[in-house]
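*Asks:* Everything below, folded, please.
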Amino acid sequence: MLELILQTCVNAIIATSFAAIFAVGLMLIFGVMQIINFAHGELYMAGAYTVWVVYAENNLPFFVAVLAAALVVIVIGLLMEVALFRPLRGNMLGGLIVSIGMLFILQVLAVHFFGEGLMKTILSPYRGAWEVFGLRGITVPYQRLIVLGVASGLLALFWVFLRRSRLGWALRACTQDPEAAALQGISINKFALIAMAISAGLAGVGGAVMAPLVVVDPHMGSSVIIMALIVVIVGGLGSLEGAVLAAIIYTFFHTFMTTFFDGVIANILGLVVMMLVLVIRPTGIMGTSEKS
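*Replies:* Next up, the predicted model:
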């Protein structure tokens, strides 16, 4: 039993790293543009398909495929920001509708180019597993270690960018109060593009490094967007620290429930926890209420 608990903790740590970078990207878009991007899961899907095309089909190095995925998804994200989100900035309902529309467009394009029901399996470039600290029976596949390393590195770089650079300070100002930032001469259009590039890049890289661990299909973004929404809402909309803390809480809870009970039960209880948090603290764990 102890071995199973330790293995589950290791699995939860890996899951937390992915959940954090995915949710942080979603939170960033909401903070700057006041839009919940429901197509964020499809950006993750686009990253995974890019890896399949570049790495699995054309035999280029895996990390070249990861870089290609980031670039492809960033371009898609920037086009979405300019064509869809910019005209509707601040209009949460309108932004929600167009993001759902984009969700279906990207799914249809994936079906058109790659087929419906033709799931892609991508072999990991790094076979085998690491025996955690020499503990027998507690292992982590090398591909999952790559997910942990890439996600942790990106989160650290993003934190340094936000806290130590002038662009990061301006971006934080845009997420906290876009109108006040605009009055200080900060270009909201410019920083909306920066936010979208970072958000899409995180989703694309997440899909790329996760591709060998999951089945790649046109609907693979559905489960991760639900997870990200729970994490962002529980953590507090607009709070980077809250998103990371909620990712830790949610993924540990979900991983243990899935291991000892059932995945469906884990999903249902995850939604129940989110509702309880909102009843007790409507702004989320680390969110703040707007002052009138």
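*Asks:* Which residue ranges of the protein form helices?
*Replies:* Using DSSP state H, the helices of the chain run over residues 2-33, 40-51, 62-80, 92-114, 142-164, 166-176, 178-183, 188-210, 221-235, 240-260, 263-280.
*Asks:* Mind listing what's buried along the shortest one?
*Replies:* For helix 178-183, a neighbour-count test (16 or more other Cβ atoms under 10 Å) marks 178, 181 as buried. The way it works is simple: take the backbone N, C-alpha and C, and place the C-beta from them, glycine included.
*Asks:* Check the last one too.
*Replies:* Within helix 263-280, the residues scored as buried using 16+ other Cβ under 10 Å are 266, 267, 270, 273, 274, 277.
*Asks:* taking the mean pLDDT, what do you get for it?
*Replies:* Helix 263-280 carries an average pLDDT of 85.
*Asks:* cool, and stretch 150-163?
*Replies:* The model assigns stretch 150-163 a mean pLDDT of 92.
*Asks:* what about the lowest-mean-pLDDT helix or strand in the chain, distance to the chain center?
*Replies:* Each helix and strand of the chain was given a mean pLDDT (mean pLDDT, DSSP states H and E); the minimum falls on helix 178-183 at a mean of 80. Remark: helix 178-183 is offset 27 Å from the chain centroid, using Cα atoms, centre = their mean, to the nearest Å.
*Asks:* closest one to residue 122 among the helices of the chain?
*Replies:* Residue 122 lies closest to helix 40-51 among the helices of the chain, at 6.3 Å (Cβ to Cβ).
*Asks:* packing partners for that closest one?
*Replies:* Counting contacts by 3 or more Cβ pairs under 8 Å, 6 or more residues apart in numbering; DSSP states H and E, helix 40-51 packs against helix 2-33, helix 62-80, helix 92-114, helix 188-210, helix 221-235.
*Asks:* relative to helix 221-235, how tilted is the longest one?
*Replies:* I take that to be helix 2-33. Orientation note: helix 2-33 sits at an angle of 80 degrees relative to helix 221-235 (axes from the mean of the first three to the mean of the last three Cα atoms, to 10 degrees).
*Asks:* can you give me the mean pLDDT across helix 2-33?
*Replies:* The predicted model assigns helix 2-33 a mean pLDDT of 87.
*Asks:* Could I get the buried residue list for that helix?
*Replies:* In helix 2-33, counting by 16+ other Cβ under 10 Å, buried: 7-8, 10-33.
*Asks:* Kindly report the same for the third one.
*Replies:* Within helix 92-114, the residues that qualify as buried are 95, 98, 99, 102, 103, 106, 107, 110, 114, counting by 16+ other Cβ under 10 Å.
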